[in-house]
Structure formats: structure tokens, C-alpha cells
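Asker: Give me a 3D structure for the following:
(2 chains)
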Protein chains: 2
Amino acid sequence: MIDRLVESIRRTKAPICVGLDPQLGFIPDEVKNKAYREFGQTLEGAAQAIWQFNKAVIDATWDLIPAVKPQIAMYEMYGIEGLKAFARTVEYCRSKGLIVIGDVKRGDIGSTSAAYAAAHLGMVKVGENTMPAFGEDICTVNPYLGSDGVLPFVKECAANGKGIFILVKTSNPSSGEFQDRIVTDDEGQACPLYELVGKKVNEWAQDPALIGESGYSEVGAVVGATYPEMGEKLRAIMPKSFILVPGYGAQGGTGKDLVHFFDKDGLGAIVNSSRGIIAAYTKEPYADRFGSGAFADAARQAVLDMKTDIEQAIS
Amino acid sequence: MIDRLVESIRRTKAPICVGLDPQLGFIPDEVKNKAYREFGQTLEGAAQAIWQFNKAVIDATWDLIPAVKPQIAMYEMYGIEGLKAFARTVEYCRSKGLIVIGDVKRGDIGSTSAAYAAAHLGMVKVGENTMPAFGEDICTVNPYLGSDGVLPFVKECAANGKGIFILVKTSNPSSGEFQDRIVTDDEGQACPLYELVGKKVNEWAQDPALIGESGYSEVGAVVGATYPEMGEKLRAIMPKSFILVPGYGAQGGTGKDLVHFFDKDGLGAIVNSSRGIIAAYTKEPYADRFGSGAFADAARQAVLDMKTDIEQAIS
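Answerer: Reported below is the predicted structural model:
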């Protein structure tokens, strides 16, 4: 999967991922009301509004980008109906040739992580048959439980040519509360916890079965755009790992914050923007130019602008 | 919810939680084949087998226990159909008066954690209507992202009388890889990361809006039975918090390991066993006495034996 990601980034010249984190609060009334007329103000109605919104955004942006990142929480919130919209979004994006990064942040004890890995990256066996469950291409993983919570996902990557991004330093304001605490690593060096996790990511990433022709590993990391100086350090600690960088745009990260997340070849990172793209029509400079009826066109313009911003930053 | 949990533990005299973590590997062939005949060897067939297995276990044990803990990964693995079996299990257990602890280990940045909290503990709003999504009573939370990943769940507890158990020290072999690293707490004291997380849990738990008439808080912690000495320390650090103790039975924890997780009043902890109960029929001393046709009776006997084991340990 990592080679496909590298190839797609090269082709689109856009190390950009569109975060499909739809919220009813910013889905245009036209879309919501149409869904509610058909399915009522119900979980099914909400799921239909989300799906129709997503489809329009995908149709307006898919040719510009290598990947999308649906945040499963925004779908899980609407129960089974919401998760059907998640599954449908994954399937539709894959049919468009997009790489789908399921932002699921799963992680548990070994046998349970294996079930999550099967759910999101693998195949499940029922009697004589095998089939995918949600079938994303890549998913995000929470490392708090240590190796035996992470390795089932790594194993699935090697077995099925899938990828993972492990949370190392998250983009949120309180991420330092635990992640920045100084610990002692296995060599007796003092470092923040996120660096220790980064070192473990680098260890997990080294398995030759995980390294693609691009030289990158299927095992990557999440490092928030909101912490650029840490990004620089972590880029060096995990030379084989792609970094998924959330926090650009709505969370405050800008193009110039991103430069150190990339390698010299302009690869090694993919930057996510969610609300900054999919809800672009609600804010300037897009609100004036694009009304809610043109929310998908606003998303396309926001992708083009983000591409320029990142190009300028890393050139 | 914490007062209901305390009352139920007092009534049943069983600080026990049955982990509903069904795996096709130990669901009896009779149950699976019946489901496959009806729905095929499909995700739907797997989900039906899981649901029928759960229902039989619940029917055989519900009067003995205060709570169940379905592990959502085991359902998510079978996609939408699996999650329907999860939702049905939650609903059925609640109809039996059981407290349902959704073992979901969710945690994300603030706005996303709010979506997870709504999915599992809260109500969601669609147009003019509000409704629950999965509607568990309590859920487990991963703290790696810090306060702003946890507080949306805490808020939901206060608003809806729900509960959470935050991962502090997990039961798996590699949990120490990050959780045991020595850090410096906010008072400048050196302690393992799990203790620092425990101290934060204790802070979060103190809000008077979260403290029930029992004196316990809606905010509890997960501490594995496999680390009894840490349980003792954490019991003292989090006096208002109930501790959910996984790792009993199949993972190696025994009754005598549990004594320090409890308060002097015999409350303060609830011990989970999953495979040790629901797959009891596959192992001695139950295999001989109960065949696969009596798997639910074996589960009931395993609950009774676990109750005796814990009673003896904490008396």
C-alpha cells in the first residue's frame, strides 16, 4: 500500500489527504432536508445526509488527491446506520482509486487487536469463506497498550499489503499531558514518551516484508502539524516511516509548519485537512464565492489552495 | 450509573462482569451450523451465530451478575452485520436489567471524542429528534490523547448519568512497554506513567456532579488482574473510582490476585472474565461435565465458581 501511496502522491503532486469527517452542523440544509424528507429525522436520515454530502465532496476532489481519511467516530455516532454510511464511503472512495485511511485509532490487547486488524485491514473467515469487513487500505492505531496491541496490525500489513499510521504525537492541545513526559528509553537515554513511541514505530517499520520499492515502510506514524519542532525530530527518528500529519487548517497548522515533516525528496508525509476542506464553503475566502449550493466546488478550491500552500512550503 | 452498579453488586453479591467476547472458534458447531443454514457462511451468518450464542449465555447467567462487558472488536470484525449483533446484545442485556459496559477503548481529539461519547453513552440529535446510537451504560476510554480526549466522555457521564472506565494499567503482557515508564508527575514526583494516569483519573473523578450516593464516582479505571501489586497502589491513588479488572481467568489472574483491588467494604472493583466463562465448556473442569450442547450451563457454573473464588479471596 505504501508504494501505491507514494505513486499516487507523485502523480497528483499533492501529499494531501481529505478528511471525511462530516458533521450535520455543517452539512448544507438542502442536503439534510432532502435526506430527512426521504428517511425522516432519524439515524437513517442523518446517515443519508452524510453519505450524499461525502459523495459530492469526493466527486469534486478525487482527481486531485491520493487519499481520503474518514474519521469513523463521525459515523459511529449515528449507530448502525452511520456505520453503513462509513462502509459505503470506503467502498465508493476505493472505486474511485483513492487510498482510504480509516481513522479508527483502535488498539487493545493482542487477540482483540487482531479482531480490529481483521475488521479494518484484513479478511475474516466464516466457515469456508473469507471476506473483508470494512476493508480500508490503511488505518490508524493507538499504541498505549504496547507491542502486543500494535503487532496484530503490523502482521495484517505484511499479510495483505496494507498500511498503518501509529499515533505518536497527536495534534490536540492536551496531547502533551502524557505524550510529552520525559521517560528513559531502552538505551537509557532520556526522551519524551512520543519519541520513545517513535523509536518503537521505527523498530516495527524495519521488517523487510513491510518495506516497499519506494524504500518506505507500511508502518507509519501520526504526528500533528500543530507541533512542527517535534515533527522535525520524529522525521529523523523514523526514516522509513511515512508521517500522517493532521491538524492543518482548522486546528491551526499552516504550510510553513509542515516543511520538516517531509524528506528531502518531498515525500515522507501526507497532510490531512478535514473541516478546512469539506466545510470550506462556511468560511472565507470561500463563503463569499461559493454558497452552500456549491459546497463541493468550495472543497475543490480548498484542495487546490492547500496544494499550493504545501508546494510553496516544501519547495 | 455507579450507584446502580453498587446496588447490583450488593444484590447479587457478585462483583463480576461477564465479558461477551464471542469468537467463532469456540461457538459450538450446533449454533454456527444453524446460523449458516439460515444466513449462509457470510458476515450475516457469523453475526447470527454470535447473537444466538450470546443470548443463550445471557439467559443462563443474567440473574447472577450485575454487568456484562461486550468487547466491540469481536463484533466490528464482522462489519455492519457484526455491529448489529453488538447493538442487539446491548439492547437485550439492558432489557434484562444488566448494566452494559461497552469495551470500546475509544479516545481521540476533543470534537471526535465527543462523537464517540455520543455514540456510546449519549443521545444524538437529528433535526428535531434526539435518540441514542448504541446506548451502553458505561464504556472504556483510552487516555493517550490526554484531557481533551477524555473530558467529552466525562461530560457525557455528568449529563446522562453514565459511567466510564479509563485505561490505566492494562492486563496484557506488553502493557509495561509505555505504561510502566517512569515519568515526573505535576508535583515533581517520579512515578510510572500508569500512576500519573491514575492521578489524572482521580482528578477527573472528583467533580461532585459525578459522585453518587455510594460515594463512588462515575469515572473509574481499568487495571489488569495480572498486575496485583500495581492494583494495590492504584486503589489508594483513586479512592473514588471503581476499578474494572480484566485479566482474570484465561489471562492468568486468580482470586488471590484481586484482594487489593477492593476497598475494605468489599466494593470498589468489578472483575471481568470473558473466555473463562463464555467458553468454559471447552476446558476442564467444565468440559467433562458439560458438553457443547450445555455451553450455557457451563457458563453459569463458571460464574458461580468465580463468585466463590472472589468471595473467598476478599473475605
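
Asker: What parts of the stretch 201-315 of chain A come near chain B?
Answerer: For the stretch 201-315 of chain A, the residues in contact with chain B (Cβ under 8 Å from any Cβ of the partner chain) are A:Gln251. Yep, even glycine has a C-beta here, placed from its N, CA and C like the rest.

Asker: again, only using 10 Å
Answerer: Contact residues (Cβ under 10 Å from any Cβ of the partner chain) of the stretch 201-315 of chain A with chain B: A:Gly224, A:Pro246, A:Gly247, A:Ala250, A:Gln251, A:Ser274, A:Arg275.

Asker: Now do the helix or strand hosting A:Asp305: which elements does it pack against?
Answerer: Element membership for A:Asp305 (DSSP states H and E) is helix A:295-314. Here helix A:295-314 is seen to pack against strand A:16-20, helix A:43-61, strand A:269-273, helix A:275-278 when contacts are counted using 3 or more Cβ pairs under 10 Å, 6 or more residues apart in numbering or on different chains; DSSP states H and E.

Asker: ok, is the longest one in contact with chain B or not?
Answerer: Just to be clear, that refers to helix A:43-61. Yes: residues of helix A:43-61 are located near chain B by Cβ under 10 Å from any Cβ, namely A:Leu43, A:Glu44, A:Gly45, A:Ala46, A:Ala47, A:Ala49.

Asker: Enumerate the positions of that helix that are buried.
Answerer: A:43-58, A:60-61 (16 or more other Cβ atoms under 10 Å in any protein chain shown).

Asker: Near the closest residue to A:Ala49 other than its chain neighbours, how many other residues are there?
Answerer: Of all residues not flanking A:Ala49 in the chain, A:Ala35 sits nearest, at 3.9 Å (Cβ to Cβ, 6 or more residues apart in numbering or on different chains). A:Ala35 is flanked by 26 other residues according to other Cβ atoms under 10 Å in any protein chain shown.

Asker: before we move on, what about A:Thr130?
Answerer: Neighbour tally, A:Thr130, other Cβ under 10 Å: 11.

Asker: cool, A:Tyr281 as well?
Answerer: 23.

Asker: Then A:Gly276?
Answerer: 22.

Asker: repeat for A:Arg88
Answerer: When neighbours are counted by other Cβ under 10 Å, A:Arg88 registers 17.

Asker: so which helix or strand takes in it?
Answerer: Using DSSP H and E, A:Arg88 falls within helix A:79-95.

Asker: In TSV: the residues of helix A:43-61 next to chain B, plus pLDDT and distance to B:Glu91.
Answerer: Formatted as TSV, the residues of helix A:43-61 next to chain B follow (pLDDT from 0 to 100; distance: Cβ to Cβ, whole Å):
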residue	pLDDT	distance to B:Glu91
A:Leu43	98	14
A:Glu44	98	17
A:Gly45	98	21
A:Ala46	98	20
A:Ala47	98	19
A:Ala49	98	25
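
Asker: What is the nearest of these to B:Ala14?
Answerer: Set against B:Ala14, the nearest of those by Cβ to Cβ is A:Leu43 (35.0 Å).

Asker: Check the spacing between that closest one and B:Phe290 real quick.
Answerer: Look at A:Leu43 and B:Phe290: by Cβ to Cβ, to the nearest Å, they are 40 Å apart.

Asker: Check A:Ser147 too.
Answerer: 36 Å.

Asker: what do you get for A:Phe290?
Answerer: Using Cβ to Cβ, A:Phe290 is found at 66 Å from B:Phe290.

Asker: try A:Pro152
Answerer: Counting by Cβ to Cβ - A:Pro152 and B:Phe290 are separated by 31 Å.

Asker: Show me what the residue lying closest to A:Arg4 once chain neighbours are set aside is bridged to.
Answerer: What sits nearest to A:Arg4 in space, not counting adjacent residues and going by Cβ to Cβ, 6+ apart, is A:Ile99, at 6.2 Å. Legend: beta-bridge partners of A:Ile99 under DSSP bridges are A:Ala67.

Asker: what sits against A:Ile99?
Answerer: A:1-2, A:4-5, A:7-9, A:17, A:65-69, A:93, A:136-138, A:163, A:270 (Cβ atoms under 10 Å, 6 or more residues apart in numbering or on different chains).

Asker: A:Gly231 too?
Answerer: A:168-169, A:221, A:223-225, A:243, A:245, A:253, A:257-262, A:269.

Asker: List the buried residues for the host helix or strand of it?
Answerer: A:Gly231 is part of helix A:228-237 when elements are defined by DSSP H and E. By neighbour count with 16+ other Cβ under 10 Å, helix A:228-237 contains the buried residues A:Pro228, A:Met230, A:Gly231, A:Lys233, A:Leu234, A:Arg235, A:Ile237.

Asker: any idea how far A:Gly249 is from the nearest residue to the first one once chain neighbours are set aside?
Answerer: Right, A:Pro228. Nearest residue to A:Pro228, sequence neighbours excluded (Cβ to Cβ, 6+ apart): A:Asp257, at 4.1 Å. Computed as Cβ to Cβ, the A:Asp257 to A:Gly249 distance reads 11 Å.

Asker: what is in contact with these two at once?
Answerer: Counting by Cβ under 10 Å, 6+ apart, the residues touching both A:Asp257 and A:Gly249 are A:Ala225, A:Val271.

Asker: any chance you could map the strands in the stretch 51-200 of chain A?
Answerer: A:67-70, A:99-106, A:123-126, A:129-132, A:138-141, A:163-169, A:182-184, A:190-192 (DSSP state E, counting those that start in this stretch).

Asker: Please tell me I have it right and A:Gly161 contacts A:Met1.
Answerer: Yes: here A:Gly161 reaches A:Met1: they are 5.6 Å apart, a contact under Cβ atoms under 10 Å.

Asker: Show the contacting residues for the closest residue to A:Glu91 other than its chain neighbours.
Answerer: Of all residues not flanking A:Glu91 in the chain, A:Gly135 sits nearest, at 7.7 Å (Cβ to Cβ, 6+ apart). A:Gly135 makes contacts with A:87, A:90-91, A:94, A:100, A:102, A:119-123, A:160, A:162, B:79, as judged by Cβ under 10 Å, 6+ apart.

Asker: Which among those count as buried?
Answerer: For these, buried by 16+ other Cβ under 10 Å: A:Ala87, A:Val90, A:Val100, A:Gly102, A:Ala119, A:His120, A:Leu121, A:Gly122, A:Asn160, A:Lys162, B:Gly79.

Asker: what's the farthest-apart pair in those?
Answerer: Taking Cβ to Cβ, no two of the buried ones among the contacts of A:Gly135 sit farther apart than A:Ala87 and A:Asn160, at 17.9 Å.

Asker: Spatially nearest residue to A:Ser273, not counting backbone neighbours?
Answerer: A:Ser273's closest residue in space is A:Gly249 (Cβ to Cβ, 6+ apart), at 4.2 Å.

Asker: I should have written A:Lys34 there, sorry.
Answerer: Nearest one to A:Lys34, counting by Cβ to Cβ, 6+ apart, is A:Gln52 at 7.2 Å.

Asker: what's the neighbour count on A:Arg11?
Answerer: 9.

Asker: Could you grab the helix/strand/coil label for it?
Answerer: helix (DSSP: H, G, I helix; E, B strand; the rest coil).

Asker: re the thing from before, and which of the residues of the stretch 201-315 of chain A next to chain B is nearest to A:Ala73?
Answerer: Among these, A:Ser274 lies closest to A:Ala73 (Cβ to Cβ), at 11.6 Å.

Asker: From B:Ile72, how far off is A:Asn160?
Answerer: Taken as Cβ to Cβ, the span from A:Asn160 to B:Ile72 is 22 Å.

Asker: again, but for A:Leu267
Answerer: 36 Å.

Asker: So these two - more neighbours on which side?
Answerer: Under the criterion of other Cβ under 10 Å, the comparison of A:Leu267 against B:Ile72 puts B:Ile72 first, with 29 against 18.

Asker: The nearest residue to A:Gly224 once chain neighbours are set aside: neighbour count?
Answerer: What sits nearest to A:Gly224 in space, not counting adjacent residues and going by Cβ to Cβ, 6+ apart, is A:Ser171, at 2.7 Å. By other Cβ under 10 Å, 21 other residues sit near A:Ser171.
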